[in-house]
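> no sequence for this one, just the structure:
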RNA sequence: GGGGGGAUACCAGAGCGGUCAAAUGGGACGGACUGUAAAUCCGUUGCUUCGGCUACGAAGGUUCGAAUCCUUCUCCCCCCA
């Protein structure tokens, strides 16, 4: 199946410039997607673009992944309601390195259509301001730049934008030109919020060299209830296991609602149509089994964190959410317990302190940071949302001592139903 | 340069001398129900040694008492030039 068809049936395609499909059908085409180095790790929101690029390569085309070492210094104003803070150079370099390393895991760097990583800092670092406004700025009118939705919105809602952010689209436009000229890269892809920036590029290529380049954008992922995709209570879901553990990552996908799962399985996995429809049939017949969520979480977790990490995440999940009693821990040795709780936040407390018994509030908000304040711990306990060793904590004055330790070493704290914490007494 | 308006909790937004830790809505979190789903209903949403303490852009002042009045400063918006 060709690339565009693939995106289409998966519901990923948002907009495509006329002629793009014809170009792709003619043969191997080079195309790119840019990634902003706003952090040293990508998060699940970036996965759509990673999938797009991977589909592109699988369809026999040559993918370029661009890391915005230069554009990251400026900040894309698209659909951000406020002027952005500039990152300092050290942070930026660290971010570029982190993102590059992650992207390398997803693309194939061998063969005729091997992937290529580029950093736009390489062609911008020696590009002088005068040179830039003569060679690039001259070809694009301010009228044109102001008519972009991203800019218009900022002007209309009164928040304004600096000249720096305003000029962002020229930088991105030049990126496209550079890759088109030097790498024969005729297509830029991105999220639908990038359409304006991408088209500035094709326009620039046309005006400067009379060349032809193309654009394709993908749907922005939203949850069925309209809220932002990729956020949890504790913030963004990252690909870096140090920021979001494989267990948390797996849980994030497993918790997807039924409605969203049906669209995510198409977007975030490579499962084909038949496999997906089979899963849907299964889901409809036995919704409580959550076949789609499980398949979704499995597929993505393995691709991002590997098979071993996935297995561990499943084991932890089965123990924490299954019907297994807490006593089960007594049958495990230390290594096994720690393995089971790998990815679950843990806290150390002193055994001596525990011997003198500690009340629930102090335990959860003083000795450990399960709750940020004692007041909150108290409220949660009163609301019936706290459990230790899978038993609800009745009052804030419930006491705990070494007798409560599982395996003579552990306490398992639960905040709500889904948030587990391991407390280790030493 | 001239004139006007504004800054309140995560966000929006009321309050305009005491009864204000601050209405209301949204969001978030928790509970019940369920399938670690959706919908619905309920609760919580500054910290605390529960005596208080810190808070309404910042700093001073008036007052027994200020988010509310006065002065200065910072930032934002609108109109005119």
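Here it is on my side, so go on. Just so we're clear, the structure is a prediction, and the values are computed from it rather than from any experiment.
> every contact and neighbour count from this point should use C-alpha atoms.
Will do.
> how is chain A carved up into domains?
A:3-218, A:235-321, A:326-425 (automatic domain parsing).
> want to throw these into JSON lines with mean neighbour count, distance to residue A:228 and mean pLDDT?
Shown next, in JSON lines, are these (neighbours: other C-alpha atoms under 10 Å; distance: least, C-alpha to C-alpha, whole Å; pLDDT from 0 to 100):
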{"stretch": "domain A:3-218", "mean neighbour count": "18", "distance to residue A:228": "10", "mean pLDDT": "90"}
{"stretch": "domain A:235-321", "mean neighbour count": "18", "distance to residue A:228": "10", "mean pLDDT": "94"}
{"stretch": "domain A:326-425", "mean neighbour count": "17", "distance to residue A:228": "20", "mean pLDDT": "90"}
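> residue A:225: which of those is closest?
Of all those, domain A:235-321 sits nearest to residue A:225, with 9.3 Å by C-alpha to C-alpha.
> tell me how far the closest one lies from the chain's centre.
A distance of 14 Å separates the centroid of the chain from that of domain A:235-321, by C-alpha atoms, centre = their mean, to the nearest Å.
> hang on, the earlier thing: got the domains of chain A as TSV, with distance to RNA strand B columns?
Below are the domains of chain A laid out as TSV (distance: least, C-alpha to the nearest atom of the strand, whole Å):
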stretch	distance to RNA strand B
domain A:3-218	4
domain A:235-321	3
domain A:326-425	3
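> make TSV out of those and add distance to residue A:229.
TSV is the format used below for the domains of chain A (distance: least, C-alpha to C-alpha, whole Å):
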stretch	distance to residue A:229
domain A:3-218	7
domain A:235-321	9
domain A:326-425	19
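> which SSE is residue A:424 in?
Counting by DSSP states H and E, the element that carries residue A:424 is strand A:419-425.
> so which elements touch that strand?
When contacts are defined as 3 or more C-alpha pairs under 8 Å, 6 or more residues apart in numbering; DSSP states H and E, strand A:419-425 sits against strand A:346-349, strand A:410-415.
> CSV for those strands, including distance to residue A:208?
Converted to CSV, the helices and strands packed on strand A:419-425 look like this (distance: least, C-alpha to C-alpha, whole Å):
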stretch, distance to residue A:208
strand A:346-349, 58
strand A:410-415, 60
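> the strands in the stretch 301-426 of chain A, which residues?
With strands called from DSSP state E, counting those that start in this stretch, the stretch 301-426 of chain A shows them at A:346-349, A:358-359, A:386-388, A:391-392, A:399-400, A:410-415, A:419-425.
> and the second one, what does it pack against?
I take that to be strand A:358-359. strand A:399-400.
> ok, and what's touching the strand it packs on?
Here strand A:399-400 makes contact (C-alpha atoms under 8 Å, 6 or more residues apart in numbering) with A:354, A:357, A:358, A:359, A:360.
> for it, what is the distance to the chain centroid?
Worked out by C-alpha atoms, centre = their mean, strand A:399-400 lies 40 Å from the chain centre.
> for that strand, which strands pair with it and how are they oriented?
strand A:358-359 (antiparallel) (DSSP bridges).
> pull the residues that contact the partner strand.
With contact meaning C-alpha under 8 Å, 6+ apart, strand A:358-359 is reached by A:396, A:397, A:398, A:399, A:400, A:401.
> quick one, what contacts residue A:175?
Residue A:175 makes contact with A:120, A:201, according to C-alpha under 8 Å, 6+ apart.
> repeat that with 6 Å
Applying C-alpha atoms under 6 Å, 6 or more residues apart in numbering to residue A:175 gives no contacts.
> next SSE downstream of the host helix or strand of it?
Using DSSP H and E, residue A:175 sits within helix A:168-183. As assigned by DSSP H and E, the chain's next helix or strand after helix A:168-183 is strand A:185-191.
> ok, that following strand: who's next to it in the sheet?
When pairs are called by DSSP bridges, strand A:185-191 turns out to pair with strand A:30-35 (parallel), strand A:214-218 (parallel).
> what's the closest non-adjacent residue to residue A:40?
Closest residue to residue A:40 apart from its sequence neighbours, by C-alpha to C-alpha, 6 or more residues apart in numbering: residue A:95 at 3.7 Å.
> would you confirm that that neighbour contacts residue A:35?
No. At 10.7 Å, residue A:95 does not count as touching residue A:35 under the criterion of C-alpha atoms under 6 Å.
> so how far is residue A:383 from the closest residue in space to residue A:359 that isn't next to it in sequence?
Excluding the flanking residues, the one nearest residue A:359 by C-alpha to C-alpha, 6+ apart is residue A:399, at 4.2 Å. Distance of residue A:399 to residue A:383, given as C-alpha to C-alpha, to the nearest Å: 18 Å.
> what do you get for residue A:239?
If you go by C-alpha to C-alpha, the gap between residue A:239 and residue A:383 works out to 34 Å.
> any chance of the strands paired with strand A:185-191 in TSV with distance to residue A:75 as columns?
Formatted as TSV, those follow (distance: least, C-alpha to C-alpha, whole Å):
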stretch	distance to residue A:75
strand A:30-35	12
strand A:214-218	20
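> just the strands in the stretch 51-200 of chain A please.
A:62-67, A:116-119, A:185-191.
> among those strands, which comes closest to residue A:199?
Shortest separation from residue A:199 across the strands of the stretch 51-200 of chain A is recorded for strand A:185-191, at 9.0 Å, computed as C-alpha to C-alpha.
> that closest one vs strand A:62-67, what angle?
With axes from the mean of the first three to the mean of the last three C-alpha atoms, to 10 degrees defining the directions, strand A:185-191 sits at 60 degrees from strand A:62-67.
> can you give the contact residues for strand A:185-191?
Contacts of strand A:185-191 (C-alpha under 6 Å, 6+ apart): A:30, A:31, A:32, A:33, A:179, A:180, A:213, A:214, A:215, A:216, A:217, A:218.
> so how far is it from its chain's centroid?
With C-alpha atoms, centre = their mean as the basis, strand A:185-191 stands 20 Å off its chain's centre.
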